[in-house]
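In: 3D model of this:
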Amino acid sequence: DGEPLNVKHVEELDEKLLRTLSDNARGELCPMMAVIGSITAQEAMKAISGKFMPVKQWFMFDATECLPDTPIPSSEFEGVDEADKRYEGQIAVFGKTFQKKL
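Out: Okay, the predicted model is just below:
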């Protein structure tokens, strides 16, 4: 074919998955960042110290089951109160109503 081996053509896109990913890319979840950061630090220490073998594979963390099945209305993300600034990342992903329940 003359085409690079790492190129794969996508026949059809999963619009629901793309919508979910794009909607949730607007916020950051501190617990998930902590887990991924700690795993990264552990693997870096392994590589630097040479004591253990670091993981030489892709790491995939899939938590889409945490997200709601239906799209959250845009009104849920508008006008974050000053008191809620600390949880702005969670509100950006889950919405104000869910954050109030927490």
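
In: in stretch 89-98, what's buried?
Out: For stretch 89-98, burial by neighbour count (16 or more other Cβ atoms under 10 Å) applies to 90, 91, 92, 93, 94, 95, 96. C-beta: built from backbone N, CA, C; applies to glycine.

In: again with stretch 43-54
Out: Those would be residue 43, for stretch 43-54 by 16+ other Cβ under 10 Å.

In: For residue 54, give its distance to residue 32.
Out: In this structure, residue 54 and residue 32 are 21 Å apart, going by Cβ to Cβ, to the nearest Å.

In: Among the buried residues of stretch 89-98, which one sits closest to residue 70?
Out: residue 95 (11.3 Å; Cβ to Cβ).

In: list the contacts for that closest one?
Out: 72, 73, 76, 77 (Cβ atoms under 8 Å, 6 or more residues apart in numbering).

In: Which PyMOL command selects the buried ones in those?
Out: The PyMOL selection below is limited to those of the contacts of residue 95 classed as buried (16+ other Cβ under 10 Å):
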select buried, resi 72+77
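
In: Need the max-distance pair from the contacts of residue 95.
Out: Farthest pair in the contacts of residue 95 (Cβ to Cβ) is 73 and 77. Separation: 8.5 Å.

In: Kindly present the contacts of residue 95 as TSV, with separate columns for secondary structure.
Out: Listed next are these as TSV, based on DSSP: H, G, I helix; E, B strand; the rest coil:
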residue	secondary structure
72	coil
73	coil
76	helix
77	helix
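
In: That's all I had, so thanks and see you.
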